[in-house]
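In: Here is my input; please provide its structure:
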Amino acid sequence: MYAAKTAIYNGYLYMKNIVGRKVGMTSVFTDDGRYVPVTVIAAGPCTVVERRTKEKHGYEAVALGFEPVKRNRLTRAMVGHFKGQGVEPVRFVREFRTGIEGVEAGQSVTVDQFAPGDRVDVIGISKGHGFSGGIKRHNFSGGGASHGSMIHRQPASNGDTNAGRTTKGSRRPGHFGADRTTLANLEVVRADAERNVLLVRGPVPGARNGLVLVRESHKAAKAAKA
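Out: Purely as a prediction, here's the structure:
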């Protein structure tokens, strides 16, 4: 086994951060006999595109690249950036700021770093629902359903009518979804290194084929320090 805060073990990179795509949901049996719902994530392999340092960039971070892309799909500036780092062009580049000790540009990150029982945070863009009413967007209860109610699904009174303005933070109908969303402290059920697949218990944000970021759980890391 390897320590959670160690980036290099026996010459191999271990960093519990990776980029992938949400495939969908299914259910599997665990080794202890539980039948649990899981989300399948096609994660990695990712390339460390750049190691950002406090001296040069003002902060410490690692930029991971995911999915190879043809050079003619990129701007000349991006092609030059990848060439300067000595890595192949990639479609997506995302930064991670935790668990990056000893990581350098050009190294590869795969699902080998994860093990069943690990706790992770999964970040994605939630499904967009367009312009939605208060019942769908904020779980309003709605008005009476009987004849003559006149108020069924539309919002009713929402505060002081003498204010002459809408109070900041009022819950109203509006754009719903398509936000950056994080589900914290999810359990890793299985990591299949041969197929580059990660199984995480429960749902994760976003639609099928959506880009997701998987990182070491901040809650679990905080609890380990306590």
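In: any idea which helix or strand comes after the helix ranked longest in the chain?
Out: Criterion DSSP state H: the longest helix present in the chain is helix 76-85. Next in sequence after helix 76-85, counting helices and strands by DSSP states H and E, comes strand 90-96.
In: Which parts of this structure are strands?
Out: 8-9, 12-13, 17-29, 35-43, 46-52, 61-68, 90-96, 108-109, 119-125, 131-132, 174-175, 180-192, 197-201, 211-216 (DSSP state E).
In: Out of the ones you listed, which is closest to T75?
Out: strand 90-96 (13.0 Å; Cβ to Cβ). To be clear about C-beta, it is placed using only N, CA and C from the backbone, and glycine gets the same treatment.
In: Would you check how far apart the residue lying farthest from the centre of the chain and R137 are?
Out: Going by Cα atoms, centre = their mean, the residue of the chain most distant from its centre is G148, 46.7 Å out. Per Cβ to Cβ, to the nearest Å, G148 is found 26 Å from R137.
In: now A223
Out: Taking Cβ to Cβ, one finds A223 at 34 Å from R137.
In: cool, I123 as well?
Out: Distance from I123 to R137, by Cβ to Cβ: 22 Å.
In: Which one's more surrounded, these two?
Out: For the pair I123 and R137, the greater number of neighbours falls to I123 (20 against 17), based on other Cβ atoms under 10 Å.
In: got a list of what that one touches?
Out: 180-182, 205, 212-215 (Cβ atoms under 8 Å, 6 or more residues apart in numbering).
In: What of V28?
Out: Per Cβ under 8 Å, 6+ apart, neighbours of V28: 35-36, 38, 189-190, 199.
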